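>>> Take a look and give me a structure for this.
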Amino acid sequence: MSTEVASRVTLAVLGRVRLRAASGDELTEPAGALSKALLVSLALAGSDGVSSARLVDEVWGDTPPGAPRAALQTLVSRTRQSGAAGVIESTPVGYRLGDGVVTDLAVARALLAQATDAADPGEALAACIEALAFWSSSVPGDDLPSGELGDELTAESARLEAALLLASARFRLATGDPGGALADVERLPAGAPMPGDDVLEVRMRALGATGRRAEALRAFAEHREALADELGIDPSARLLRLNTELLRDEPEAEASTSTSPPARRAAPVGRVSGLRRSPNRLLGRDADARAIAERLENGRALTILGAGGLGKTRLATEVGQRLHDADPSLSVAMVELGSVRSADDVPAAIADALGIRDLTVSRLPLGDLPQVRGDVRERILGALDSGPTLLIVDNCEHVVDAAAAWVADLLASAHDLTVLATSRSPLAIAAEHVYPLEPLQAAGAAADLFEDRARQARPGALLPRDVVERLCLRLDGLPLAIELAAARVRSMPVEEIERRLGNRFALLTTGDRSAPERHRTLTAVIDWSWNLLGPSEQRLLRRLAPLPGGFGAEVAARVEECGTEASAGTGSAIDDLDGLVAQSLVSVTDDARTGDLRYRMLETVREFGLERLREAGEGDLVREAITTWARDFATEALSQLTGTQQVRAIATVASEQDNLVAVLRQAAADGLTDVVVVVFAALGYQWTLRGVHEEVGEFARVAVRALLAHPPSAESRDAAMLALSLSGSLTFFGDRRTGLVALGLLRRIRRDGPANDPLVEMTSRLFMAAAFDLPSLKGVLADGIASPNPAVEQLAALVSAQVRENDGDVEQSMELSLRGYELAVAADHVWGRATAAGQIAELHMQRGRPADALEWSRRSRTGLSAVGATADVNRAEWLSGLALVQLGRVDEAREIFTRFSDVDQVDQVTDGEDLTMVSRAGLAEVALADGRIDDGIAAYDASAEALRRGELFSPWRELVAAAALTARVTNGRAAHPDTGRLANRIRVRLLAGDRIPGLFQDVPILGSCVFALGLWLRAVSDDAARRDLGLRLIALGRRTGARQDLGVLVHESHLARITDPGDTAALTRYDDEAAALAPGGALAAAVALLDDRTLRTVAGL
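Numbering: from 1, shown residues only. Below you'll find the predicted structure:
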């Protein structure tokens, strides 16, 4: 690589990721795999940039941060500091690399383009060699987090390297270096997506030119045999010609190896027919056009597959025009089948596209295809024999059998023919490759398309981007629907268009008058496919339309058979689903959570189906079938959410969540209380296990209102008790009023006796005791621990462990947590195992054992990830970060805390403010470990500021405030006025909490505050009595089981600094006195000591 080219590159991704900080600096690796992933994602996207949502998906993969936007902002900020000014720029929807950033990927692409356009083979070869120098021994993507982004970089690198090597080989042949060409071909990366014909052609020519003609012929024979066996087709025309040349040993076969270029001959110009130039730009499909063109180089038949309105015809036309522009010798013919009414008319349409006139075609049945008049087929083949031809066969779906038969026959007979088809259903022939066309992205190309077409309709229209993006999202990213909506801008604002989308088929009716009838209205687009369905397929489509969240085969079978005396069976539904998929009205994917197939409709298709359902008068029938399915599904899920199938049950409920919520709302409106409580119990239990408490709060109100109106039946009583217990959790966080009403209803139901299910009974008793009779809670837990039911004992052990920890009894809490873990392991209860492991990890941190905490946190994260408890995974991860700091693994901790913290924005996930605050405190610990004392103090101050503006009590706020005070004291800031003010705020909080009857208090966390105040008094006061008070507070704080999660709070380091013999003796005496107290008693004694207004003077107030 030349020095000039190397100096231009400021970001390297074709190997280990490296970034140049400033002009003249060396390229260095950014700190952390996440920064590298961010830069790679932006480099792959080029000048278009990447949306914030997509960046989060690509950078964090399957473990997204709790607050994606805040985490991304922090990562971008940190990465910007690693490079020169302007390395990352913000866009309206995300980020992109700055204009001054030059990537080796972009330079390599540019050099390839330069080589392709060069007239001199020597110059072209030099460009290829220069570009290939970017590849080193490091595999691109190896230093990224495992996931799709690394795979994408590896694949793109391999594709580009392969293209350069192939080009280099061609230019070496042209410059008389067949040996070098052969070496380039041998270097092609394994698995790189390259046109097989191109590679084989270069290899055959190089072998022939080096006197190894037999090897070249053998390579061709193996290729031909493989094509025949796998696809039933022949090699391409150019390979057939090259093979013939080698067999004849003609000079032309080796002409390209001559040191002097051959004399130029006039290139033939192909004929173009039926290919219409578009009146406007093709937006959002450039990547699709390139991908299709590349695939056509490697195959002879490709079908652009997708629903109506996706722009298949427009894209095929663009591809045909581009291919002809790139190679004028290529003939391109467009066969329009949209107006063809019968399969018998297909040959006439093909003949017409090829310019064959005055032809009479017999209308013979499709099965008699070989009997079609010989002159038709022969004249078509004759037209195709004039040179390389691309035949675009448009709109095949309504005559797909005939189209497939003709395409297969022509491909087998015309060796220089390539076919590009568009269809809503595949041709299903051996040579076919399918290219599923996806909708446009609402936040990108779809919005761009709307704005472009809207300004054509009314140039001065106001087009708020957020409204446009929402509108495009509701239109499923369908280009035709977007263009129809944009045309409405002529007479109404976009906000009004968005409002009227509830009746989109009435709104989107004014299309291009020059377009085919089937593309002039949205109704016509869907109606075209609807009319190609059989009666049972139409019935299934309209019956599935009420399901907003996709569906599986089971619910499809339920709605298929409803209203019939004999069950149609799942098999019949599967056959009809296959028909809907074949017409691109339903898409099918593998559900990553469950491994099952998941079917979905575009919202536009779904609304069309709902209209057909109303017309058929089947609404009530289908609603009843879906409701019955949901009730049965939820009942089955409840039986599995606590068993060995828990992980799959959680994933299955999550997959059906949108459908279950829709049933829940409808059942509540219809007064179906039993359905409401069963469905909510399954949803609410799943949400609770995953830590999604906001969803519990929203839909608990629906369940509570239903039960206020109608009591549950005996059959649904257990489900109702579970639903009310889950709703009762709102008493402690969230909507307290709804929680109390729920627990009141639960108390009423319990008057008729206990629940049948022991676990539901224990759950309801725990919530009742916690809300109405707190002194009885420990007795209820004791009953649970003594229960012969392992699930009940496990629940009681885990809750008891939390209660004991809050009371400061760390040893008993550890014993109970370990018992809960053992029971969960024995029962293969993944959530219970993960929760117990998390509690054990926290207890190890509390005892100052970070290595043990790290291992148990790892176990916890594994289980929590399996059940999809993202917020709890985040908690476990930042606990690991705290342990890593104490273990000296600062860089690993820095990565975690940077991801979870942002100085400008509070995290919005459940308990997110705590998460953000502790993460900032974690960064403070990192700074202190780095020796950046001022940065550490400042970071702790920012965290502690939340104490002043937050709620009266938030345990983690108290802990962080104690750590902030301790950090100031231990780093020479004890006498600073800000330290005094912080100490007094902590003191006042302790006193206020003690004076509010019934207020929950976390003894170990408040004990940390006592411990920190003791350290401060010893450091700030010269008065012997005050210093002695500090020692007493240190001893009392330790007795409460004061937390040691944050490094500055670890007791051992502070005790080691107390070296005065008198202080040591006094502390020992106070430790002995404190040991005689219970942890709660020690806290009460400390608060009493702090109830001294003269301490304000010590604080400088």
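
>>> The top helix by length along the chain - what's its average pLDDT?
Scanning the chain for the helix with the most residues, using DSSP state H, yields helix 148-174. Average pLDDT, helix 148-174: 88.

>>> Ok, stretch 98-105 next?
86.

>>> Ok, stretch 606-623 next?
Mean pLDDT, stretch 606-623: 91.

>>> Let me know the helix or strand that residue 696 is in.
Taking DSSP states H and E as the definition, residue 696 sits inside helix 693-709.

>>> What segments of the stretch 501-650 of the chain are strands?
587-590, 597-600 (DSSP state E, counting those that start in this stretch).

>>> Any chance of TSV for those, columns mean pLDDT, distance to residue 832 and mean neighbour count?
The C-beta positions use only the backbone N, C-alpha and C, and glycine is treated the same way. Listed next are these as TSV, based on pLDDT from 0 to 100; distance: least, Cβ to Cβ, whole Å; neighbours: other Cβ atoms under 10 Å:
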stretch	mean pLDDT	distance to residue 832	mean neighbour count
strand 587-590	85	29	13
strand 597-600	89	28	17
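
>>> of all those, which lies closest to residue 82?
strand 587-590 (37.6 Å; Cβ to Cβ).

>>> I'd like to know which elements that closest one is packed against.
helix 569-582, strand 597-600 (3 or more Cβ pairs under 8 Å, 6 or more residues apart in numbering; DSSP states H and E).

>>> try it again with 7 Å
strand 597-600 (3 or more Cβ pairs under 7 Å, 6 or more residues apart in numbering; DSSP states H and E).

>>> Output the strand it packs on as PDB, nothing but the C-alphas.
These are the backbone C-alpha positions of strand 597-600, laid out as PDB (Å, rounded to 0.1, in the frame of the first residue of the first chain):
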ATOM      1  CA  LEU A 597     -42.700 -21.100  12.900                       C
ATOM      2  CA  ARG A 598     -44.400 -17.700  13.200                       C
ATOM      3  CA  TYR A 599     -46.800 -16.300  10.600                       C
ATOM      4  CA  ARG A 600     -47.500 -12.600  10.100                       C
END
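
>>> Could you name the helices and strands sitting against that strand?
strand 587-590.

>>> Quick one: residues in contact with the strand it packs on.
For strand 587-590, the surrounding residues in contact (Cβ atoms under 7 Å, 6 or more residues apart in numbering) are 581, 597-600.

>>> What backbone torsions are found at residue 423?
phi -170, psi 160 (degrees, to the nearest 10).

>>> Just the pLDDT for it.
Per-residue pLDDT puts residue 423 at 92.

>>> and it, what does it touch?
Residue 423 neighbours (Cβ under 7 Å, 6+ apart): 303, 305, 396-397, 400.

>>> try it again with 6 Å
303, 396-397 (Cβ atoms under 6 Å, 6 or more residues apart in numbering).

>>> Residue 299 now?
Applying Cβ under 6 Å, 6+ apart, we find residue 299 in contact with residue 433.

>>> re the thing from before, would you mind pulling up the elements that the longest helix of the chain packs against?
Contacting helix 148-174 under the criterion 3 or more Cβ pairs under 6 Å, 6 or more residues apart in numbering; DSSP states H and E are the following elements: helix 33-45, helix 104-117, helix 121-132, helix 178-186, helix 196-209.

>>> quick one, which of these is nearest to residue 81?
Nearest of these (Cβ to Cβ): helix 33-45, 9.6 Å.

>>> just how off-centre is the helix or strand just after the closest one within its chain?
Using DSSP H and E, the helix or strand that follows helix 33-45 towards the C-terminus is strand 50-51. With Cα atoms, centre = their mean, to the nearest Å as the basis, strand 50-51 stands 13 Å off its chain's centre.

>>> And stretch 877-897, by the same measure?
25 Å.

>>> could we number from 15 for the rest of this?
Done: numbering now begins at 15, and the last item shifts to stretch 891-911.

>>> now that stretch: mean pLDDT?
Rounded mean pLDDT across stretch 891-911 is 90.

>>> Could I get the buried residue list for that stretch?
891-900, 903-904, 907-911 (16 or more other Cβ atoms under 10 Å).
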